[in-house]
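Enquirer: no FASTA, just this:
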């Protein structure tokens with residue numbers, strides 16, 4: 001597992017795959033806003049770190065949790 005913080009607003013079609021979402025302010029399903037924090041698997045973190053079709057980096061890693069996927 002990887003704990004992340006959003007650095008750029010974005011929508012996420014796989015929103016249901018993130019866990020322990022901590023909202024900074026606005027609550028809107030499917031959309032993440034600057035300052036929101038959440039946990040996800042390594043594959044999702046790599047996608048959000050630029051390994052996507054647009055090459056967009058929308059998160060920063062806060063913590064890598066040992067023993068997770």
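Expert: It's in. This is a predicted model, so every value here is computed, not measured.
Enquirer: can you list the low-confidence ranges for this protein?
Expert: Counting by pLDDT under 70, the chain shows low-confidence ranges at 68-69.
Enquirer: do me a favour and get the end-to-end distance for stretch 25-43?
Expert: The straight-line separation of the ends of stretch 25-43 (CA to CA, to the nearest Å) is 26 Å.
Enquirer: what residues does it touch?
Expert: With CB atoms under 8 Å, 6 or more residues apart in numbering as the test, stretch 25-43 has contacts from 1-13, 15, 17-24, 48, 58, 62, 65, 68-69. For every residue, glycine as well, the C-beta is placed using N, CA and C.
Enquirer: selecting buried members of the residues you listed in ChimeraX, what would you type?
Expert: To isolate the buried subset of the contacts of stretch 25-43 in ChimeraX, counting by 16 or more other CB atoms under 10 Å, use the following:
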select :1,2,3,4,5,6,10,12,18,48,58
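Enquirer: please enumerate the strands of the chain.
Expert: With DSSP state E as the definition, the chain shows strands at residue ranges 2-6, 10-11, 19-22, 31-32, 37-40, 59-64.
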